[in-house]
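Engineer: My questions concern the predicted model and sequence given below.
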Amino acid sequence: MKLPVGKLLEADWIGKFSANDVALLATVNASDVNIQNITERVPHFPYGIIYLTALFSVMLVTTNLIGDSITTINLPFLHGYSVLFPTALVVFPLTYCFGACITETYGFVVSRHVIWGAFLVNIPVILIILSLEKAGWLGGSVLGVSHQMMRALGASAVGYFAGELSNSLVVSRLKIALKGRALILRFLAANAVGAVVDSVLFGTLLFYGVVPLIVLLKIVLAQITIKMLYEMAFSVLFSRIVLWIKSRDGVDYYDYKINFARG
């Protein structure tokens, strides 16, 4: 194929060649590539995912250990009104923040594996604690180890998977829709969806039939409110963490053409 020299100066000049011609050009010019230092390069591992996964798992294990205990807060500015919420709300909202960080940086598929892995970590922890409790070695000192624990674990599993996957899915879709902009807004929107889904499922499955319906409603509403306030307070911090991890690990994954059902 012969082309005038002027054609080779155009931006799309490569498109004027056939696939075979392009392959031939690549082969001929491959010998000019300097590969002297390739063996000396140090492979870069994205270490951020290790620490985020560890923190995510610790928060989830702690949540399940104290999941069936309820804390009451009396509001001094509203006489006679109190707020009931599971003690696990002290730590559980952070899983949404870490999950959003993982999805934003490494993509939905990685986040999905972290969500599954963190849940599987809970199983041996719960079994070990229940075995020690049955043997009388703990003396009932571990908060949350009771006949309610299995119900708490089941409720936590349903709410956890639905909430965390919803959170990650929204982060992933909004990142593409907004072309990576408005990070804090995307985090808040995703956390809101995850918080509502998880709170309704977890609160209903764990406390239905155990407490009066009006108390159950207060617990669910308190969960949603506290989670959102928690996440609003930490949204700026975690957005900074995400930007730092992206620059450190050199990763900023976009979930184009991802099958979210199969990953």
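Structural biologist: Perfect, I can see it now.

Engineer: mind listing what the nearest residue to T95 once chain neighbours are set aside touches?
Structural biologist: Sequence neighbours aside, M59 is the residue nearest to T95 in space, at 4.8 Å (criterion: Cβ to Cβ, 6 or more residues apart in numbering). Using the backbone N, CA and C atoms, a C-beta is placed for each residue, glycine as well. Going by Cβ atoms under 8 Å, 6 or more residues apart in numbering, M59 touches V91, F92, L94, T95, F98.

Engineer: how about those in a markdown table, adding pLDDT and neighbour count?
Structural biologist: Formatted as a markdown table, those follow (pLDDT from 0 to 100; neighbours: other Cβ atoms under 10 Å):
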| residue | pLDDT | neighbour count |
| --- | --- | --- |
| V91 | 84 | 17 |
| F92 | 83 | 29 |
| L94 | 87 | 20 |
| T95 | 89 | 25 |
| F98 | 92 | 25 |
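
Engineer: Just name the closest of the residues you listed to Y51, please.
Structural biologist: F98 (9.5 Å; Cβ to Cβ).

Engineer: T71: helix or strand, and which one exactly?
Structural biologist: strand 70-74 (DSSP states H and E).

Engineer: Now that strand: average pLDDT?
Structural biologist: For strand 70-74, mean pLDDT rounds to 71.

Engineer: tell me which strands and helices it is in contact with?
Structural biologist: strand 82-86 (3 or more Cβ pairs under 8 Å, 6 or more residues apart in numbering; DSSP states H and E).

Engineer: pLDDT of the strand it packs on, averaged?
Structural biologist: 66.

Engineer: What of stretch 214-227?
Structural biologist: 85.

Engineer: Please apply the same query to stretch 50-60.
Structural biologist: 92.

Engineer: can you give me how far it is from the chain middle?
Structural biologist: 10 Å (Cα atoms, centre = their mean, to the nearest Å).
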